[in-house]
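S.K.: Build me a structure from this.
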Amino acid sequence: MSATNNIMFDARVVRGNTYAAQVVTQEQQRQQQVYNRNEAARQQRMEQRRGGGGGRAGTPEPVAGRRHLEVQTETFLEELTDRPAEASIETQTEAFLDRPPSPLFVPAKNGVDVETQIGAGDLFDFDLEVGPILDVLVGKTLEVAMLELMEEEELSAIRSQQEKFEMMRAAELAEVQRLEYEAKRKFAEKQRRKKQEREFREAQDDLQEKVAAQAFAKKYLGDLHEQVFDSLGEAGHFYDPVRREVGEIFLPWLMGAVSTELAGVKTAYQAADDVIRATLGRAVEQKKAAEAAYVAEQQRLADEAEAKRKADEEAEAKRKADEEAAAAEDPDAGN
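M.R.: Residues are numbered from 1 along each chain as shown. As a prediction, this is how the structure comes out:
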């Protein structure tokens, strides 16, 4: 609704006490300014509409030799005079005299009054004709009472059915939560077992690689000292003219190199043995830990299954007891 069509924005509508001095607030001033702007814009649009020929066409100019006259088009005609009749009348009222109430307007009679007399029993017999009305009222009252009683019974049955539905829904929700928890637990257990198996296989692969490396090193270093002498003999380093040089220079150096190499081989053997022993010990510990964890997990699963079975038995016993108690309290409900 626009401000021009809302009387709340009309300054001509007085609000509050009409006998007290009007206090114009800032909000009222703002509303008055908005109203003035809207009214000015509306007047401007109407002037533009009239100037643009959008309104009703005016009376055309009279033809030559004639002139227009004012003619009344109202339903009730009244006399038009250049100067209405005037009369001066004076009166003096007493001070603080209230204005008398205006008389009620009573239109003049324009018909003829007619009267008639109706005797007792002329139109209807009350005792005779009130019977069907009473039958209808009593029947309607009984029908409404029966409908209200049926509605109460229906509401009671609906509430009972709703309670049963809520109980079933709560039981189903608990079962769904239990199944979800069991599925999550099984999935976590599966992932943990897969992780343990993967770690165990990785440890076994590392152990096999280390054992193979140790065997290869042992085989390679075992034939090395024999191949060294054979290679030197085939290369021609051992001949008679230089036997002395070989015996004094080469053989001491060769023995030192062989001793050093053998010491390195021994150190490698010891390191490989230490690694193998540590790996075997760690593998045995891991196997024992895995076996202990498996036994503990089996025991935990058995305890959970036993607790679950006991909880189910207690819930079933409680449910049967509730049903028996409900049946004992309301014997008609079972029928």
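
S.K.: who touches Glu199 in this structure?
M.R.: Gln286 (CB atoms under 8 Å, 6 or more residues apart in numbering). Quick note: C-beta positions are derived from backbone N, CA and C, even for glycine.

S.K.: Please, which helix or strand holds it?
M.R.: Applying DSSP states H and E as the criterion places Glu199 in helix 126-222.

S.K.: other SSEs contacting the helix or strand hosting Gln299?
M.R.: Using DSSP H and E, Gln299 sits in helix 251-329. Packing partners of helix 251-329 (3 or more CB pairs under 8 Å, 6 or more residues apart in numbering; DSSP states H and E): helix 126-222, helix 224-235, helix 331-334.

S.K.: could you give the angle of it to helix 126-222?
M.R.: 160 degrees (axes from the mean of the first three to the mean of the last three CA atoms, to 10 degrees).

S.K.: tell me the mean pLDDT over helix 251-329?
M.R.: Per-region confidence: helix 251-329 scores 85 on mean pLDDT.

S.K.: how far out from the middle of the chain is that helix?
M.R.: Distance of helix 251-329 from the chain centroid (CA atoms, centre = their mean, to the nearest Å) equals 46 Å.

S.K.: now do stretch 194-211
M.R.: The chain centre lies 50 Å from the centre of stretch 194-211; the measure is CA atoms, centre = their mean.

S.K.: can you tell me which of the helices and strands packed on helix 251-329 comes nearest to Glu61?
M.R.: helix 126-222 (75.8 Å; CB to CB).

S.K.: Quickly note the distance from the residue most central in space within the chain to Asp125.
M.R.: For the chain, the residue nearest the mean C-alpha position is Leu173 (20.1 Å; CA atoms, centre = their mean). Distance from Leu173 to Asp125, counting by CB to CB, to the nearest Å: 71 Å.

S.K.: same check, this time on Arg169
M.R.: 65 Å.

S.K.: repeat for Arg185
M.R.: Taken as CB to CB, the span from Arg185 to Asp125 is 89 Å.

S.K.: Could you list the residues in contact with stretch 285-293?
M.R.: Against stretch 285-293 from outside (CB under 8 Å, 6+ apart): Gln196, Glu199, Phe200, Ala203.

S.K.: pLDDT score for Thr73?
M.R.: Looking at Thr73, its pLDDT reads 68.

S.K.: and what of Arg243?
M.R.: pLDDT for Arg243: 69.

S.K.: now swap in Lys186 and tell me
M.R.: 91.

S.K.: separation between it and Leu301?
M.R.: In this structure, Lys186 and Leu301 are 10 Å apart, going by CB to CB.

S.K.: do Gln162 as well
M.R.: 39 Å.

S.K.: got it, and Glu180?
M.R.: Computed with CB to CB, the distance linking Glu180 and Leu301 is 18 Å.

S.K.: Next: Glu143.
M.R.: 67 Å.

S.K.: again with Met255
M.R.: Taking CB to CB as the measure, Met255 falls 67 Å from Leu301.

S.K.: before we move on, what about Glu245?
M.R.: Glu245 is 81 Å from Leu301, by CB to CB.
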